[in-house]
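Q: Need the 3D shape of this:
(chains A and B)
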Number of protein chains: 2
Amino acid sequence: MKIIVDAMGGDNAPASNVRGALRAVKELGAEVILVGRGEDILTVLAEDGIKDLPAGIEIAHASEVVEICDNPATAFKEKKDSSLTVGLNLLKEGKGDAFVSAGSTGALLSAATLLVKRVKGIRRAAMCPVVPTAKGGALLIDCGATAECTPEYLLQFAFMGSYYAERVMGRPEPRVGLLNIGAEESKGTDLQRETWKLLKKADAEGRINFAGNVEGKEAVLGAVDVIVTDGYSGNIFLKTMEGAGSFLAGEMKKMFMKSITTKLAALLVKDGIKDFKRMMDSREVGGTALVGISKPVIKAHGSSDAYAIRNAIRQAMQFASSGIIDDITENVEYMRLPVMHKPAAE
Amino acid sequence: MKIIVDAMGGDNAPASNVRGALRAVKELGAEVILVGRGEDILTVLAEDGIKDLPAGIEIAHASEVVEICDNPATAFKEKKDSSLTVGLNLLKEGKGDAFVSAGSTGALLSAATLLVKRVKGIRRAAMCPVVPTAKGGALLIDCGATAECTPEYLLQFAFMGSYYAERVMGRPEPRVGLLNIGAEESKGTDLQRETWKLLKKADAEGRINFAGNVEGKEAVLGAVDVIVTDGYSGNIFLKTMEGAGSFLAGEMKKMFMKSITTKLAALLVKDGIKDFKRMMDSREVGGTALVGISKPVIKAHGSSDAYAIRNAIRQAMQFASSGIIDDITENVEYMRLPVMHKPAAE
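A: Residues are numbered from 1 along each chain as shown, chains lettered A, B, ... in the order given. Predicted coordinates for the structure are as follows:
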């Protein structure tokens, strides 16, 4: 399995990206193409005392870097020799099985959509992180790729999310919930009410396992495996969870730092605290899958360190070997609404 | 200060409502009118060994109760002798200074809007709970009263929320943030982009202190005092926070229950755990203000116990003495958009 890694994207590039790739080769048996400035990549290797390119690592030189100030919609065209554009072209040409980038989300989304293209019939790509829940995590689809959605987009997200949960997360017949502000089908806005009907129909046809509307609280408590939502609300959900995790971890820290007695308590539960931190640590998952694109693309967190990049490569390997894109391609006819034809003019 | 309390609304009515009222009279110096079935209220008092109606408590008899199965939009009309309808009519007639109910949110919202009416010029009422944040809490407006909003509604929420934060929460020049999926003014949907402009203008005129867009994470971490949002997203935010709090509290409990050693640790930080629980406890705030109505109305949580009802009464007293409704009434002209007139027909 060969994974193409954007060596230049992210806050800690290229060092963390190169080191993460090395770990993935060693620990996961991956092959990696590092895309970016060859001299910068070699410098990182030299700093680590590596003189010869290790087996399993290739370098594809790209002289430019997409920066935060570039227009995300057009960066890949304006910087044709960027690691982003070169990397995605390698993916398109079949030189690797998946692409991982910790660079700008917007630029990655635009470039993947326009260079690699969506699966035929899929209206919008979605970003779907695995969020921690009381039942071992759920897939949130979408978390911000498409802020404004139609019922058809959400129907497609439900199918794609269901395939991902089954094949990558190992959840048989994943329960799919529609994020809403109440359990009844009348709740929410027109978008949720229309989508509810489409998901109910797909469930009746045995294509997905629709568990109905799910409120934010029940979603966090693990009521479903897949949380379907438009990108605006999904982003609110995701960021609110992140904020709550960070806030409560901070309060817990304060609690343990108060006195010598409480510091002793912290020592007594140090393994538990470690588990707690691990559960909340986005580095464990590695990245966020971009589904709906015709080839596997993973967005790693902008602040990824080597360990996070290694895990994003692991996730890319799982994605590429999962068969999800075949699932989507084969079933796309069930995810589409009939086009409303206007009556022909006389 | 006389507070009208729906004795029959909520999961623990009438017992908790009556006992909460007794506590408010004794501990806060409130006067309370308990509205509901006289005999049921007297039974609760008798159970507590109280034979004579205590000073500060009146009973207004209402023979009916709005139930969960009633249509929220019409319950107050169909049950004219319900505690909800009788209580709100007392408020309207000036027999008390504020109304508190732990009954159905939908029924309360409809009844308050149609019986007591909104402040003239206010398009929609909003429900605004105080949510815990790393900086001592923020006002979330709206959390579900109005799922679909226009920019004008959100402009009005910003003003009303700002008055509430200043006068009830004691935040001078409260920072008002627009909940969004990124900091830049281009982020979100048309609703957020249009609202951003209106809030910017209100800030330039010195009417509110607009801090710009705020993401879910920063909102939880306390970046602003007032979080402005439509009811759909606000509900997602609120319920996600509740879920995350409950999820992480459960994980913490598991951590402390693992062994004798960890149980000892729990003993050593037991004061900290108590503070932690208190911070997450919705009973401390008491209830959620319904702003935009011409008189103060507080929704207490459906599961309120006596302590939560006592605190909801305290909140109603603060609301009634705050002058917020005067603020809204006097400034409503700045919260309205020019009506688009259609060209007159020839």
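Q: Which stretches in the stretch 51-200 of chain A count as helices?
A: A:75-78, A:83-92, A:105-111, A:151-167, A:190-204 (DSSP state H, counting those that start in this stretch).
Q: Please name whichever of those is nearest to A:Leu267.
A: helix A:151-167 (38.5 Å; C-beta to C-beta). C-beta coordinates here come from the backbone N, C-alpha and C atoms, glycine included.
Q: Out of the helices of the stretch 51-200 of chain A, name the one with the poorest average pLDDT.
A: Here the helices of the stretch 51-200 of chain A differ in mean pLDDT, and the lowest is helix A:75-78 at a mean of 91.
Q: quick revisit: looking at the helices of the stretch 51-200 of chain A, spot the one closest to B:Thr195.
A: Across the helices of the stretch 51-200 of chain A, closest to B:Thr195 is helix A:190-204 (C-beta to C-beta), at 18.6 Å.
Q: Which positions in that closest one come out as buried?
A: A:191-196, A:198-199, A:202-203 (16 or more other C-beta atoms under 10 Å in any protein chain shown).
Q: try stretch A:243-254
A: Quick answer for stretch A:243-254 (16+ other C-beta under 10 Å): A:243-245, A:247-248, A:251-252.
Q: closest one to chain B among the helices of the stretch 51-200 of chain A?
A: helix A:190-204 (8.0 Å; C-beta to the nearest C-beta).
Q: and the longest helix for chain A?
A: Criterion DSSP state H: the longest helix present in chain A is helix A:231-257.
Q: right, is that helix up against chain B?
A: Yes - for helix A:231-257, a contact with chain B is found by C-beta under 8 Å from any C-beta of the partner chain, at A:231-233, A:235-248, A:250-252, A:254-256.
Q: tell me the angle that helix makes with helix B:231-257.
A: 30 degrees (axes from the mean of the first three to the mean of the last three C-alpha atoms, to 10 degrees).
Q: Helix A:231-257 - what's its average pLDDT?
A: Helix A:231-257 comes out at a mean pLDDT of 92.
Q: any idea which helix or strand comes after it?
A: Sequence-wise, the next helix or strand downstream of helix A:231-257 (DSSP states H and E) is helix A:260-268.
Q: That next one: which residues count as buried?
A: Buried residues in helix A:260-268 (16+ other C-beta under 10 Å): A:262, A:265-266, A:268.
Q: mind checking the end-to-end distance for stretch A:196-213?
A: 8 Å (C-alpha to C-alpha, to the nearest Å).
Q: contact partners of it?
A: Applying C-beta atoms under 8 Å, 6 or more residues apart in numbering or on different chains, the contact partners of stretch A:196-213 are A:151-152, A:154-155, A:158-159, A:162, A:173-180, A:182-185, A:187-188, A:192, A:223-224, A:228, A:331, A:334, A:337.
Q: Now the buried members of the residues you listed.
A: Counted by 16+ other C-beta under 10 Å, these give A:151-152, A:154-155, A:158-159, A:162, A:174-180, A:182, A:187-188, A:192, A:223-224, A:228 as buried.
Q: tell me the two of the buried residues of stretch A:243-254 that are most distant?
A: A:Gly243 and A:Met252 (14.8 Å).
Q: in chain A, which helix or strand is least confident?
A: helix A:282-285 (a mean of 71; mean pLDDT, DSSP states H and E).
Q: center of chain A, which residue is that?
A: In chain A, the centroid-proximal residue (C-alpha atoms, centre = their mean) is A:Thr288; its distance is 1.4 Å.
Q: what helix or strand is the nearest residue to A:Pro129 once chain neighbours are set aside on?
A: Nearest residue to A:Pro129, sequence neighbours excluded (C-beta to C-beta, 6 or more residues apart in numbering or on different chains): A:Thr288, at 4.3 Å. Following DSSP H and E, one finds A:Thr288 within strand A:287-291.
Q: What parts of the stretch 51-200 of chain A come near chain B?
A: So far as C-beta under 8 Å from any C-beta goes, the stretch 51-200 of chain A lies against chain B at A:132-134, A:144, A:147-148, A:179, A:181, A:187-190.
Q: can we see that at 10 Å?
A: Within the stretch 51-200 of chain A, the positions lying close to chain B (C-beta under 10 Å from any C-beta of the partner chain) are A:106, A:131-135, A:143-144, A:147-149, A:179-182, A:187-192.
Q: Which pLDDT value belongs to A:Val339?
A: So, for A:Val339, pLDDT stands at 67.
Q: so where's chain A uncertain?
A: Scanning chain A for pLDDT under 70 picks out the ranges A:282, A:339-346.
Q: and it, what are its domains?
A: By the assignment in the TED database, chain A contains the domains A:1-122+A:292-334, A:127-283.
Q: burial of the residue in the stretch 51-200 of chain A that chain B sits nearest to, as a residue count?
A: Relative to chain B, the nearest point of the stretch 51-200 of chain A is A:Ile181 (4.0 Å; C-beta to the nearest C-beta). Neighbourhood size, A:Ile181 [other C-beta atoms under 10 Å in any protein chain shown]: 24.
Q: Would you enumerate the residues in contact with it?
A: Contacts for A:Ile181 were tallied using C-beta atoms under 10 Å, 6 or more residues apart in numbering or on different chains; they are A:187-189, A:192, A:213, A:215-216, A:233, B:143-144, B:147, B:231-236, B:238-239.
Q: Quick check: chain neighbours aside, which residue is closest to it?
A: A:Ile181 sits nearest to B:Asn235 (C-beta to C-beta, 6+ apart), 4.0 Å away.
Q: Likewise for A:Val220?
A: In space, A:Val220 is closest to B:Gly243, 2.9 Å off (C-beta to C-beta, 6+ apart).
Q: OK, contacts around that neighbour?
A: By C-beta under 10 Å, 6+ apart, the neighbours of B:Gly243 are A:133-134, A:215-223, A:237, A:240-241, A:244.
Q: and if you look at A:Lys299?
A: With C-beta under 10 Å, 6+ apart, A:Lys299 has these contacts: A:6, A:9, A:99-105, A:108-109, A:112, A:127, A:129, A:145, A:286-290, A:312.
Q: correct me, but A:Gly96 touches A:Val32?
A: Yes - assessed by C-beta atoms under 10 Å, A:Gly96 is found in contact with A:Val32 at 8.5 Å.
Q: any common contacting residues for these two?
A: A:1-5, A:58, A:316.
Q: Tell me the bridge partners for the closest residue to A:Ala7 other than its chain neighbours.
A: Spatial nearest neighbour of A:Ala7, excluding adjacent residues (C-beta to C-beta, 6+ apart): A:Gly36 at 3.3 Å. Per DSSP bridges, the residues bridged to A:Gly36 are A:His61.
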